[in-house]
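S.K.: starting from these lines, generate the structure:
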Amino acid sequence: MPYDASLDKEIFTKSYENDDGKITVSIHSYNNGPKKLQIVRENKDQEGGLRFAKLGRMTKDEVQAILPLIQEALSSM
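M.R.: As a prediction, this is how the structure comes out:
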């Protein structure tokens, strides 16, 4: 069965932004299935637009910034 965007429900989303881009913490449920945490990084390009990037390694400042977002997201699970 192929992915159907209409079945993907976003329950929670909050972002942390800095000069380099943003990291978004969200909770999703697909087809009323289990709620799952998703963390996405978007980096700013030369024009200032945001582009998806692999989350990869995070700095201490980034972890400290999104940790409260993750804890808040847990209350939505």
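
S.K.: what about the strands in the chain?
M.R.: 8-18, 21-30, 35-44, 50-53 (DSSP state E).

S.K.: next one: the first one to chain centre, how far?
M.R.: Okay, so that is strand 8-18. Offset of strand 8-18 from its chain centre (Cα atoms, centre = their mean, to the nearest Å): 5 Å.

S.K.: can you check stretch 39-55 too?
M.R.: Distance of stretch 39-55 from its chain centroid, counting by Cα atoms, centre = their mean, is 12 Å.

S.K.: just to revisit the earlier point, between the strands of the chain, which one is closest to S76.
M.R.: Nearest of those to S76, taken as Cβ to Cβ: strand 8-18 at 4.1 Å. From N, CA and C alone the C-beta is placed, and that goes for glycine too.

S.K.: and the strands of the chain, which is most packed in?
M.R.: Most buried of the strands of the chain by mean neighbour count (mean count of other Cβ atoms under 10 Å) is strand 21-30; its value is a mean of 18.

S.K.: run the angle between it and strand 8-18 for me.
M.R.: Strand 21-30 runs at 170 degrees relative to strand 8-18, counting by axes from the mean of the first three to the mean of the last three Cα atoms, to 10 degrees.

S.K.: hey, what's F12 bridged with?
M.R.: Per DSSP bridges, the residues bridged to F12 are I27.

S.K.: take the strands of the chain and write them to TSV, including mean pLDDT and distance to P2.
M.R.: Below are the strands of the chain laid out as TSV (pLDDT from 0 to 100; distance: least, Cβ to Cβ, whole Å):
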stretch	mean pLDDT	distance to P2
strand 8-18	97	12
strand 21-30	97	12
strand 35-44	97	19
strand 50-53	96	21
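
S.K.: nearest to D61, out of those strands?
M.R.: Between the strands of the chain, strand 8-18 lies closest to D61; by Cβ to Cβ that is 7.8 Å.
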